[in-house]
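Visitor: sequence and predicted structure are below.
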Amino acid sequence: MGIRHWTWRRRAFAALAAILAVLVAYAAVPRRADLTAFDPCASARLETAMWRHYYEKQFVALFLDLYRLARAEQGFSPLDSARIAIAAARAARAFQPTASRHEAEAAIPLLVDYFRILARAAPVPVDTELAARTELDWWQARREAVPPQTYGLTIARVATLLYGVDGEDMRAYGITRAQAMAYRDARSAGMTESDWAAIATQLRASYRSLKRALSAPAW
């Protein structure tokens, strides 16, 4: 009876180890992630949810939105999708309490971590330090009430660093996304369902512009 029990336990442990190995492999094995493979409508829907959950302080839901964007729209592994979501959340948290551009630089190392992971799926080599500083620049510009037409160009510049593409559609992407942010800022705590629907519409237009920019022939 003792030998049989020991044999059963060994088989159970072996089965559990095999299951854990499969789960680890599924989570950690690199995928062929691609930043250009996103669907504009799905990305806009996820980003709208991200904004809403952020402002409503639903941080677990926000993490899941970030995870789904990286996993479903960009093709990252489950592990890297989680790392992207964590890095983005940490950078935003570091930036939130700051009161000056100098203090805001505390978020730069965290943004560098974020862009280092994204860069693995970029179609061009990415200067992650420059991308982090450019990202922080428009975060701060928005806080300083710079017009969306201005900081929208900085958003477009971040995308250019990631995708290696520039042009009118890329600038339209950045400006339209900034205008959606300005729309939300103007309504603040008074946001309604129709306001969120309007933002989703603006973000769809923004992501469609980005998709066009990436689809344009190179000259």
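Guide: Cool, the structure landed. This one's a predicted model, so the numbers in the text were calculated from it and none came from an experiment.
Visitor: what strand or helix carries the residue positioned nearest the centre of the chain?
Guide: Closest to where the C-alpha atoms of the chain average out (Cα atoms, centre = their mean) is residue 66, at 5.6 Å. Per DSSP states H and E: residue 66 is located in helix 59-68.
Visitor: got a list of contacts for the following helix or strand past that helix?
Guide: Following helix 59-68 in sequence order, the next helix or strand is helix 78-95 (DSSP H and E). With contact meaning Cβ atoms under 8 Å, 6 or more residues apart in numbering, helix 78-95 is reached by 26-28, 30-31, 33, 54, 59, 62-64, 66-68, 70-71, 76, 104, 106-107, 110-111, 113-114, 117-118, 120, 136, 139. To be clear about C-beta, it is placed using only N, CA and C from the backbone, and glycine gets the same treatment.
Visitor: what subset of those residues is buried?
Guide: Buried members of the contacts of helix 78-95, scored by 16 or more other Cβ atoms under 10 Å, are 31, 33, 54, 62-64, 66-68, 70-71, 76, 104, 107, 110-111, 113-114, 117-118, 136, 139.
Visitor: next SSE after the helix or strand of the chain with the lowest mean pLDDT?
Guide: Within the chain, no helix or strand scores below helix 2-28, which has a mean of 42 by mean pLDDT, DSSP states H and E. Sequence order places helix 40-55 as the next helix or strand after helix 2-28, per DSSP H and E.
Visitor: for that next one, buried residues please.
Guide: Across helix 40-55, burial judged by 16+ other Cβ under 10 Å covers 40, 43-54.
Visitor: export those residues to a markdown table and append columns for distance to residue 185.
Guide: Shown next, in a markdown table, are the buried residues of helix 40-55 (distance: Cβ to Cβ, whole Å):
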| residue | distance to residue 185 |
| --- | --- |
| 40 | 23 |
| 43 | 21 |
| 44 | 18 |
| 45 | 21 |
| 46 | 20 |
| 47 | 16 |
| 48 | 15 |
| 49 | 18 |
| 50 | 16 |
| 51 | 11 |
| 52 | 14 |
| 53 | 17 |
| 54 | 13 |
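Visitor: which single one of the residues you listed is nearest to residue 148?
Guide: Distance to residue 148, by Cβ to Cβ, is smallest for residue 51 among those, at 14.6 Å.
Visitor: show me what contacts that closest one?
Guide: Applying Cβ under 8 Å, 6+ apart, the residues near residue 51 are 184, 199.
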